[in-house]
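> Following is a predicted model, sequence given first.
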Amino acid sequence: MRSSWMSYHHQMFFISACWITALLTSAEFLLSMSMLATLLVGIFEWNKGKIKIRPIWKNFKQTIREKRDWWWWTVPFLLVLFTSVYSTEDYEYLLERLRIKIPFLILPFAFAAIPRVPRKFYLNLHYLFFILYVITSFGVLGNYILDFEAINEAISKGQPVPTPTNHIRYSLMGAFATFVGFFLFRDRHTVKNPIERWLILGSTIYLLTFLHVLSVRSGLAVFYLTMGFLICRHIILTRRLLVGTVALVGLVALPIIAYYSLPSFQQKIAYMRWDFQQFQQGKGETYSDSERLHSLMMGVHIIKENPLLGVGAGDVKHQVMGHYDKHLPELPQESKKMPHNQFISVWAGTGLIGLAFFVLSLLIPLFKKRRLRNKYLLAFFLISFFSFLVENTIENAIGIGLFLLFILWGMVLPQEEHSPEIDVIATKK
């Protein structure tokens with residue numbers, strides 16, 4: 001009997017477990033190895049004691065034609081590559097962009113070859129992510145409790161709660177993990193014992209609290225925006241106005257309760273107010289909110305000068321630093337940041353034409369085959385999309401790894417395995 005490890009699904013589950021672990025611990029080498037393993041397993045298979053190319057690739061032209069909606073995910077890499085024709089002043093940064101974005105080129109090919117997966121496999125994968133995030137959060141919370149006064153003091157000065165990976169990416173993962181827990185509870189998904197369902201609910205409530213303890217504004221912003229969108233969507237689809245209204249009131253009340261019960265959240269709000277006051281008085285150049293606003297201003301300066309084609313994705317950093325020297329020459333080097341907005345960064349580098357292709361590459365694959373009926377994929381896409389408004393989410397290895405893992409697995413799930421919610425509603429009508 002063939003070993004279970006020869007099964008593609010077992011191999012991919014193990015690789016994805018390593019991938020998630022790398023994301024949660026900022027282990028970039030493990031992340032790179034996980035991506036490489038995904039590519040190799042997507043191209044080759046072990047068949048009757050021999051390594052062979054998977055059948056899906058034997059007719060390459062037909063595969064490309066049948067999977068054409070997948071190739072939109074290669075656009076972020078191709079934009080960097082094509083604009084390098086006129087991006088020649090900073091080759092080091094250009095090569096760094098190409099290296100970081102290469103997963104967009106290779107991973108769609110790997111995931112496009114994935115054999116059909118059952119919904120249980122898909123839910124188990126998200127369950128694993130949920131469990132691993134909860135485990136790492138215990139360490140973060142324990143460290144916060146042990147060093148309570150010092151960390152709260154640091155928060156009051158604009159510094160984050162220590163996390164095992166970049167605090168912004170970690171908070172985005174926390175927002176998604178909270179939705180995953182809620183969805184798993186609704187789906188009554190367990191592995192062995194029905195009591196797991198109530199442990200999932202308890203852990204989800206804990207994560208909701210933990211997200212406010214972290215008090216990372218990007219994570220909280222995308223959580224509230226995504227939750228608000230999903231509640232409004234539910235009201236429209238189900239026409240349950242009373243339930244939806246209660247949910248929206250609860251959503252508004254949640255940060256108020258957090259403010260009066262969680263010191264870290266209270267300190268973060270106080271710092272935001274103070275920082276904004278400093279910016280209004282022209283004194284906040286080196287504070288976090290002011291740095292964000294200045295970074296956006298530098299991106300807008302570049303867009304105004306090169307609106308249609310941009311300056312080339314490889315020259316964005318060079319141009320941003322040039323505008324800092326021109327408009328804010330007194331600003332310390334460590335306060336000069338790249339624009340904190342994915343769309344502004346893409347527009348500055350590739351122009352309005354590149355931005356249009358970038359947005360299309362996000363939307364077309366997910367709207368085809370009604371993939372966004374999958375509530376897990378919808379929640380993750382909304383979290384990612386909203387994060388693009390306040391962060392350069394996919395301009396580093398961890399951000400790209402997080403984005404592609406859950407987006408591409410969501411693409412794999414067959415249409416008939418998506419959430420039946422809309423069909424049920426339509427039937428009732």
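Yep, that arrived. Numbers count the residues shown, from 1 in each chain.
> For the protein, which segments are assigned as strands?
Under the criterion DSSP state E, the chain carries strands at the ranges 44-47, 50-53.
> Next, format these as JSON lines and append mean neighbour count and mean pLDDT.
The C-beta positions use only the backbone N, C-alpha and C, and glycine is treated the same way. Shown next, in JSON lines, are those (neighbours: other Cβ atoms under 10 Å; pLDDT from 0 to 100):
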{"stretch": "strand 44-47", "mean neighbour count": "15", "mean pLDDT": "76"}
{"stretch": "strand 50-53", "mean neighbour count": "10", "mean pLDDT": "80"}
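> Show the pLDDT at the residue lying closest to residue 95 once chain neighbours are set aside.
Counting by Cβ to Cβ, 6 or more residues apart in numbering, residue 95 lies nearest to residue 314, which is 7.9 Å off, once chain neighbours are set aside. The confidence metric pLDDT takes the value 88 at residue 314.
> just residue 18 next, same as before
Predicted confidence (pLDDT) for residue 18: 96.
> do residue 2 as well
Note on residue 2: pLDDT of 45.
> Give me the neighbour count for the residue lying closest to residue 86 once chain neighbours are set aside.
Leaving out its chain neighbours, the residue that sits closest to residue 86 by Cβ to Cβ, 6+ apart is residue 312, at 5.0 Å. With neighbours defined by other Cβ atoms under 10 Å, the count for residue 312 comes to 28.
> isn't residue 312 right up against residue 82?
No. The pair residue 312 / residue 82 is not scored as a contact, 9.4 Å apart, by Cβ atoms under 8 Å.
> Next, the residue nearest to residue 86: phi, psi?
Backbone geometry at residue 312, expressed as degrees, to the nearest 10, gives phi 100, psi 130.
> Please tell me how far it sits from residue 393.
Residue 312 sits 21 Å away from residue 393 when distances are taken as Cβ to Cβ, to the nearest Å.
> what does residue 330 give?
Residue 330 is 30 Å from residue 393, by Cβ to Cβ.
> the more surrounded of those two?
Taking residue 330 and residue 393 together and counting by other Cβ under 10 Å, residue 393 has the greater number of neighbours (26 against 5).
> Settle this for me: the more buried one is touching residue 383, isn't it.
No. Under the criterion of Cβ under 8 Å, residue 393 is not in contact with residue 383, lying 9.4 Å apart.
> Pull up the overlap in contacts between the two.
Each of residue 172 lies in contact with both residue 393 and residue 383 under the rule Cβ atoms under 8 Å, 6 or more residues apart in numbering.
> Can you list the low-confidence ranges for the stretch 151-300 of the chain?
Scanning the stretch 151-300 of the chain for pLDDT under 70 picks out the ranges 275, 278-287.
> Which parts of it are helices?
Using DSSP state H, counting those that start in this stretch, the helices found in the stretch 151-300 of the chain span residues 167-186, 196-214, 217-238, 241-261, 263-280, 288-305.
> Report all helices and strands that the longest one contacts.
Looking back up the chat, that one is helix 217-238. Where contact means 3 or more Cβ pairs under 8 Å, 6 or more residues apart in numbering; DSSP states H and E, helix 217-238 is packed against helix 167-186, helix 196-214, helix 241-261, helix 375-388, helix 421-428.
> what do you get for the last one?
For helix 288-305, the packing partners by 3+ Cβ pairs under 8 Å, 6+ apart come out as helix 263-280, helix 316-327, helix 342-367.
> which residues are contacting it?
158, 272, 275-276, 278-279, 284-285, 310-311, 316, 319-320, 323-324, 327-328, 331, 335-341, 344-345, 347-348, 390.
> next one: the longest one
Residues outside helix 217-238 that contact it (Cβ under 8 Å, 6+ apart) are 168, 170-172, 174-175, 178-179, 211-212, 240-241, 243-245, 247-248, 251, 255, 268, 272, 375, 378-379, 382-383, 386-387, 390-391, 421-422, 425.
> Domains in the protein, by residue range?
Domains of the chain are assigned by automatic domain parsing as 1-66, 72-102+285-429, 118-283.
> Out of the helices of the stretch 151-300 of the chain, flag the one nearest residue 397.
Counting by Cβ to Cβ, residue 397 lies closest to helix 167-186 out of these; the figure is 10.2 Å.
> List the buried residues in the closest one.
Applying a neighbour-count criterion of 16 or more other Cβ atoms under 10 Å, the buried positions in helix 167-186 are 167-185.
> Can you add distance to residue 112 and give the domains of the chain back as CSV?
Rendered in CSV, the data for these read as follows (distance: least, Cβ to Cβ, whole Å):
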stretch, distance to residue 112
domain 1-66, 7
domain 72-102+285-429, 8
domain 118-283, 16
